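Participant: A structural model of the following input is requested.
(chains A, B, C and D)
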Number of protein chains: 2
Amino acid sequence: MAVTTKDIARIAKVSQSTVSRCLNNSPLISEKTRQRVLKIANDLQFEFNASARSLSTNKTNTIGIIYPDDYMEFGVNLYFGSLHTQIREMLEKKNIDLIVAFKENRYTKTDTIRRLVSQKKVDALIIAISELEQESVEFLANSSIPYIFLHFYQQVPSLKSINQIYADHLYGGYIATEHLISLNHKKIVCLTSSDGHEYHLRRQGFKKALEKNNLKYSDNLFIYGDRSFESGYEIGYKEIDKIKEYTAIFVHTDMMAFGLIEALKEQNIKIPEDISVVGYDDIELANYFRPNLTTVHQPKEEIALLGTERLLELIESENKEKSKEVVVKPTLVIRKSTKEI
Amino acid sequence: MAVTTKDIARIAKVSQSTVSRCLNNSPLISEKTRQRVLKIANDLQFEFNASARSLSTNKTNTIGIIYPDDYMEFGVNLYFGSLHTQIREMLEKKNIDLIVAFKENRYTKTDTIRRLVSQKKVDALIIAISELEQESVEFLANSSIPYIFLHFYQQVPSLKSINQIYADHLYGGYIATEHLISLNHKKIVCLTSSDGHEYHLRRQGFKKALEKNNLKYSDNLFIYGDRSFESGYEIGYKEIDKIKEYTAIFVHTDMMAFGLIEALKEQNIKIPEDISVVGYDDIELANYFRPNLTTVHQPKEEIALLGTERLLELIESENKEKSKEVVVKPTLVIRKSTKEI
DNA sequence: CTGTTAGCGCGTTCAG
DNA sequence: CTGAACGCGCTAACAG
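Facilitator: Here you go, the predicted model:
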């Protein structure tokens, strides 16, 4: 049987409330009884009953994180892995547990965010998905729970502003393209994805760079894939004629870039001699594939760090009104898949 | 403010316990009041307060999973990704939340398993690490909480047996080696890891296959790395002279195999023409790297499935006495990195 | 079928 | 400084 404060009280011959005070470092306790009680608690390996404590303090010491449904898909997983590491690190320091979840239960079709909050299972929520129904966003905004969006960048008109931190994808698209242009490439094509607002922004960055450099822009410059290795590979064959007309290609996910490169290699097209390739994400794999991929580094560590910091601040300060948006800039990592012409 | 059963009771003009009964599908409630109460609860988007409920039922509807500390390292992450997917799937059906944790808090140096159990934060525990202090194992065995070890295969002498499910690594080592032998390879070397009991077993399987086929075995046939891509790559250079003496190499992790292959390619050694390579793990990446890797498939989906199934069974049946060990066999996936000579 | 009561383990007044 | 008493929200006897 688990040991309770009552048990300790009986053994120490004090009241249960005294035990509670000792264990919570209340100042109004004599040093002597504190020592005695602490010793007993220690000997018995006492731990508070989390439910009871939560019930009376209204704090669970648990936070929830909502991951995208395709979290476990290859590539996505890689992307979030390092984010998760950062978050873990910070929570560990505060001894906060982490419930991982997805926005919807696929069987019962219930909204997990709403459930976790309403059930008071978590003290705060990290939303690590980039798209969320307005309804859920409003629910959160109207609830009293602290939350932070990582990777969210859509305005919800009915709300002034929400706590969020995200990368500047337009800028990422811009610097990738600028890099190619600086290497004298003038014929640049783009492999992107039709779903996901971030890809839209990356396309805009691409366009902006072209226009700034007086290169001709057209919607025709986009080839659409689904972000996966397989998709890149397939397009490397299907669209080979089109791709051959260009000297450089900007691919909107590293995984697609790897697939594409593989297909091109198989068709005896050399990277970067025949065509330069820039990826996006900078997943760890970019170091392993040959040629090492030049890519846009997503500042995931920074996002996780700043986001979690902010969240902990919100939890502790009870000062939930001030909402804050932070935009962080991606950077370009130049490796071996791009070359001057 | 959150709505409680008391609020509903007030509105419905019944007692709080009636509300509780309705919401818990108690048979002793008239259809009429049930409908009325349910409607109100629904309109108010009522959810039970998890802490209060746990406190009185002694169930949290949350289970914990303990991952290895290097979870986020590349490769390990990949390995556990698909395991996680399976687990999620099953828990979702039962509407059980998942707390992910590591066995020790690196800051406070406290034992997470003990804490989660003692605090009663979880109803059950999945231990997805392959090594654990005997002390913790005993703690679990003596606690009344259901738990299951995935990937554990060490006997704890003081205990009769524990709930565990694991892959047969000796067999895995055996079939990989047998495959090479069946392709007429007689000079086979092995790239393994010194830490981790599973690698020891894989080496034993290797030895067994050699001996069964009357091939000379010696401890000299082992090269030791640290399981990473980098390690495989480095060894591909450092040990090149040794490796060249063999026609096949059995590498104990896919990631090391990829690193090794890369290094060999750079030295103009062709796979599989010059040397056949068999990996171990069958991570998804094995489909992407060229040549596609022949490897031993870890039955991770099966482990996750059987393990979680068993755990849910334990939770529901309260029948925790019967412990059970399940061993699952890995299989060989033949791709392009091995060749007959 | 329904209401009343006690209790889960802990924090927190309120007295002393 | 300490103890008695109450409440957090819910389930589970026990009476009717």
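Participant: Need the contact partners of stretch A:56-66.
Facilitator: Residues outside stretch A:56-66 that contact it (Cβ atoms under 8 Å, 6 or more residues apart in numbering or on different chains): A:50, A:53-54, A:87, A:91, A:95-103, A:112-113, A:116, A:120-129, A:311, A:315, B:51, B:99, B:121. C-beta here means a position set from N, CA and C on the backbone, and glycine is covered the same way.
Participant: Would you mind checking those residues for buried ones?
Facilitator: A:50, A:53-54, A:87, A:91, A:96-103, A:112-113, A:116, A:120-129, A:311, A:315, B:51, B:99, B:121 (16 or more other Cβ atoms under 10 Å in any protein chain shown).
Participant: Based on its surroundings, how many neighbours for A:Asp168?
Facilitator: By the criterion of other Cβ atoms under 10 Å in any protein chain shown, A:Asp168 has 17 neighbours.
Participant: Okay, now the unreliable bits of the stretch 51-200 of chain A?
Facilitator: In the predicted model, the stretch 51-200 of chain A carries pLDDT under 70 at residues A:71-79, A:152-161.
Participant: Mind jotting down where the helices sit in the stretch 201-341 of chain A?
Facilitator: Applying DSSP state H, counting those that start in this stretch to the stretch 201-341 of chain A gives helices spanning A:229-238, A:240-244, A:254-266, A:300-317.
Participant: So which of those helices is the most surrounded?
Facilitator: helix A:254-266 (a mean of 24; mean count of other Cβ atoms under 10 Å in any protein chain shown).
Participant: what about that helix, near chain B?
Facilitator: Yes - shown here: helix A:254-266 in contact with chain B (Cβ under 8 Å from any Cβ of the partner chain) through A:258-259, A:262, A:265.
Participant: What helices and strands are in contact with that helix?
Facilitator: Packing partners of helix A:254-266 (3 or more Cβ pairs under 8 Å, 6 or more residues apart in numbering or on different chains; DSSP states H and E): strand A:188-193, helix A:229-238, helix A:240-244, strand A:248-251, strand A:276-281.
Participant: These into CSV, with extra columns for distance to B:His197?
Facilitator: Shown next, in CSV, are the helices and strands packed on helix A:254-266 (distance: least, Cβ to Cβ, whole Å):
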stretch, distance to B:His197
strand A:188-193, 43
helix A:229-238, 33
helix A:240-244, 49
strand A:248-251, 42
strand A:276-281, 35
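Participant: do you know which of the ones you listed lies nearest DNA strand C?
Facilitator: strand A:276-281 (44.2 Å; Cβ to the nearest atom of the strand).
Participant: The closest one: how far from the chain's middle?
Facilitator: Centroid separation between strand A:276-281 and its chain, computed with Cα atoms, centre = their mean, to the nearest Å, is 20 Å.
Participant: next one: stretch A:106-124
Facilitator: Its chain's C-alpha centre and that of stretch A:106-124 lie 19 Å apart, by Cα atoms, centre = their mean.
Participant: That one near DNA strand D anywhere?
Facilitator: No - Stretch A:106-124 lies apart from DNA strand D when judged by Cβ under 7 Å from any atom of the strand; the minimum separation is 8.0 Å.
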